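*Asks:* let me see the structure of the following:
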Amino acid sequence: MSDHDQSPPPTPPPDSPPPGDRRPDSGGPRRGEQKPSSNLFWFLMIVGAIALIVFSVSNQNQAREEVTFSEFVGELERFDAKTREAVGRFNKSNVHELVIGADYIRFQDTAKVKDKPDAATTKFYQVPFLKPAEGDVKRLTDALTREGHRIPYGYARPPSEWPSLLAFFLPILLLLFLFLILFRRVGGAGTAMSFGRSRGRLYAQEDIDAGFQHVAGIDEAVEELREVVEFLQNPNKYQALGGRIPRGVLLVGPPGTGKTLLAKAVAGEAEVPFYGLSGSDFVEMFVGVGAARVRDMFQQAAARSPAIIFIDELDALGKVRGSGMPGGHDEREQTLNALLVEMDGFSTEQSVIVMGATNRPETLDPALLRPGRFDRHVLVDRPDIKGREAILKVHAGKIKMDDSVDLGRLAKITPGFVGADLANLVNEAALLAARGDKKRVTMEEFEEGVERVIAGLEKQTRIIHEDEKLRVAYHECGHALVASVLPNTDPVHKISIIPRGYGALGYTMHRPDDEKQLVMQSELENQICCLLGGILAEEIIYQETSTGAQNDLQRATDIARRMVTDFGMSQRMGRVFYGDKNVGPTFLGPQAFRNETVHSAETIREIEIEVKRIIDEASATVSDVLNSRRELLDHLARDLVEVEVMDSEHLKRILDEHTTGPQIKPGTFVTPSAPGDPDAVEESEADESGEASGA
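*Replies:* Sure, this is the predicted structure:
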């Protein structure tokens, strides 16, 4: 697919304890299991108790007006000598519910009515009575019991110390309880040593919804893992012949090919305890935690053997030793050392298999990959056409699909797609059908889904000037015309000038007829020609080029450089591998030492000259093809501007209608010595089909 863009577009594009053995998982809650709510219940109970105590204490300490002892008694003793009536502020009319305590006297100005609360206007008084002087008690009782003015009173019982103690200690206990809960959630238990416990989860059989029947397109990998599962279920069959259980199985493959899905399938089929975790689960801020977690993980698995331990993204844990940041790699190396020792330290009776998954096997330590640790390396590669069709059948079974959908054709137009891409394709098609209010997903939605996955979302609202739109049409038609004329090229599937993705203003989609494992030199040369067709079409029509060809030039140059340095396809440089070697420190990554080379400056100069020669020869061929078919190029561009999207049938019809010269068939080439001459065509190999033609 060739893009006409304003900026470089992004590169286009798997544990169960045996029955009766349901011991609790020490590494965390099992998947699907509800966490108990007992902690929340007790927390609410404690909060309620504290609120009740605080409320009761606050009721006992209602706002009271404080009166001195001398003032209170003095007011009680005041009376009119003539009328013998009390005239003081406090008397039997406004002193009620009087209680004498150990250090206080309390009363209120209204009488308490049974089963009714005090009135809102009731005033409460308190008289300090902590250390009464000699005679104060007698003076008080005399004032309260004076004839004609008796005021009822009583003595308070000694107060209990419990409310005060609870009010003091319960907040502290509550804080400790909350701290304990938080600490257990962070560390997995209530002790500091819990940081060394494994984060691996023991998966229950009923919680795993995958099996080998859910895995398609990677039959060889499935067969390898079936044997491992069978060994765990029936070890006597192999041990009777002297065989031993493999210590480790490493799943290697590009991202999205189904490595983790395979591990889930093994968990669903094995019917043995299955521990799953990620390589990053061993990484912690505390020194020594990673190694401790490795040891704890293997101790748990050994106690439940036979068992399987699955470590996803193994490269996070098993990178080559000595490749980390200075001063910061020792901890990771200690974790790796612990893993190496545990994997090679099993007794033969402990049937524990370690499964690892990575898409960067080149970064793993050689000691980890040797026999005795990871005995088997299972390649989970990109599926072929049959594998893609099988994967599409698995995912298409989950949607309502029209009978007209041809999954075989879909598999044919999706080379290079991995399982994740195909799953995304089916989902995109279902969403498009739902958006169009359709009852079933048709082939139209699937084809649109392919374009979405590869090129991105259509941008119908982007406004493009007519002149710019015509330039993009010439650019894309240049790609398509060159691909239709030259032999050994992938057929054009679709041409579009509708903007997609981040920066692509148009694209030409090629789809191979067959799966190929090898690419010939002539095919690579014609790939370069197809990539240069866009920029040279602009140059022929407008006598200048634009920035939209940046991605085409980059890809063409990369192919030419690899032809010279990697594939030995240069007579001048010979059959020698000139590819650069990684000579920098691993932790800096490939970007940091891309320009490092082991070749001399003269050799590098010769390589650049040869790369330029290949590009120049391809440019000359493309110029001859386009100049000799200028009228056909104009017709294609005008039609493309009108329809915006042109499929392969439309393209072939225009090629047939506007053919004025001899047929150009696969196996022919244009003679460079006669540019612009439509008759300057020399047939090198006759082809009876004559499917691709030009003028």
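
*Asks:* for the stretch 1-150 of the chain, which segments count as strands?
*Replies:* Secondary structure of the stretch 1-150 of the chain (DSSP state E, counting those that start in this stretch): strands at 2-5, 65-66, 96-100, 104-108, 124-128.

*Asks:* could those strands go into CSV alongside mean neighbour count and mean pLDDT?
*Replies:* Using the backbone N, CA and C atoms, a C-beta is placed for each residue, glycine as well. Shown next, in CSV, are the strands of the stretch 1-150 of the chain (neighbours: other C-beta atoms under 10 Å; pLDDT from 0 to 100):
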stretch, mean neighbour count, mean pLDDT
strand 2-5, 28, 50
strand 65-66, 9, 84
strand 96-100, 16, 84
strand 104-108, 19, 84
strand 124-128, 17, 84
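
*Asks:* out of the ones you listed, nearest to I391?
*Replies:* strand 2-5 (26.8 Å; C-beta to C-beta).

*Asks:* re earlier: among the strands of the stretch 1-150 of the chain, which comes closest to P491?
*Replies:* So among the strands of the stretch 1-150 of the chain, strand 2-5 is nearest, using C-beta to C-beta, at 13.8 Å.

*Asks:* ok so, going back, who wins for proximity to E389 among the strands of the stretch 1-150 of the chain?
*Replies:* Among the strands of the stretch 1-150 of the chain, strand 2-5 comes nearest to E389, with 26.9 Å by C-beta to C-beta.

*Asks:* quick one on the thing from earlier: can you lay out the strands of the stretch 1-150 of the chain as CSV showing distance to G456?
*Replies:* Putting those into CSV (distance: least, C-beta to C-beta, whole Å) gives the following:
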stretch, distance to G456
strand 2-5, 10
strand 65-66, 79
strand 96-100, 84
strand 104-108, 81
strand 124-128, 78
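
*Asks:* out of the ones you listed, which gets nearest to S351?
*Replies:* Per C-beta to C-beta, nearest to S351 of those: strand 2-5, 53.2 Å.

*Asks:* so who does Y125 touch?
*Replies:* Under the criterion of C-beta atoms under 8 Å, 6 or more residues apart in numbering, the neighbours of Y125 are R64, E65, E66, V67, F72, R106, F107, Q108, D109.

*Asks:* go again using 7 Å as the cut-off
*Replies:* Y125 makes contact with R64, E65, V67, R106, F107, Q108 under the criterion C-beta atoms under 7 Å, 6 or more residues apart in numbering.

*Asks:* how many residues are close by the third one?
*Replies:* Neighbouring residues of V67 were enumerated by other C-beta atoms under 10 Å; the total is 18.

*Asks:* pLDDT score for it?
*Replies:* Listed pLDDT for V67 reads 85.

*Asks:* ok, it touching P128?
*Replies:* No. Shown here, V67 and P128 do not form a contact pair, counting by C-beta atoms under 7 Å, at 8.8 Å.

*Asks:* what segments of the stretch 551-695 of the chain are helices?
*Replies:* Assigned by DSSP state H, counting those that start in this stretch, the helices in the stretch 551-695 of the chain fall at 601-627, 630-643, 648-657.

*Asks:* now the residue nearest to D552 when sequence neighbours are not counted: how far from L655?
*Replies:* Among residues not flanking D552 along the chain, L531 sits closest, at 4.6 Å (C-beta to C-beta, 6 or more residues apart in numbering). Distance, L531 to L655, using C-beta to C-beta, to the nearest Å: 20 Å.

*Asks:* higher neighbour count, these two?
*Replies:* For L531 and L655, the more surrounded residue by other C-beta under 10 Å is L531, and the numbers stand at 27 against 22.

*Asks:* which of the helices or strands spans the more buried one?
*Replies:* In this structure, L531 sits in helix 521-542 according to DSSP states H and E.

*Asks:* related to what we said a few turns ago, out of the strands of the stretch 1-150 of the chain, nearest to N234?
*Replies:* Nearest to N234 among the strands of the stretch 1-150 of the chain is strand 2-5; the distance by C-beta to C-beta comes to 54.3 Å.

*Asks:* L481: what's it in contact with?
*Replies:* G533, L626, R629, L632, L633, L636, G694.

*Asks:* one more time with 8 Å, if that's ok
*Replies:* Listed by C-beta under 8 Å, 6+ apart, the contact set of L481 reads G533, A537, V625, L626, R629, L632, L633, L636, G694.

*Asks:* where is pLDDT lowest across the residues you listed?
*Replies:* Among the contacts of L481, G694 carries the lowest pLDDT, at 34.

*Asks:* now the closest residue in space to F69 that isn't next to it in sequence, which residues is it bridged with?
*Replies:* Nearest residue to F69 in three dimensions, chain neighbours excluded: V127, at 5.5 Å (C-beta to C-beta, 6+ apart). For V127, the beta-bridge partners under DSSP bridges are I105.
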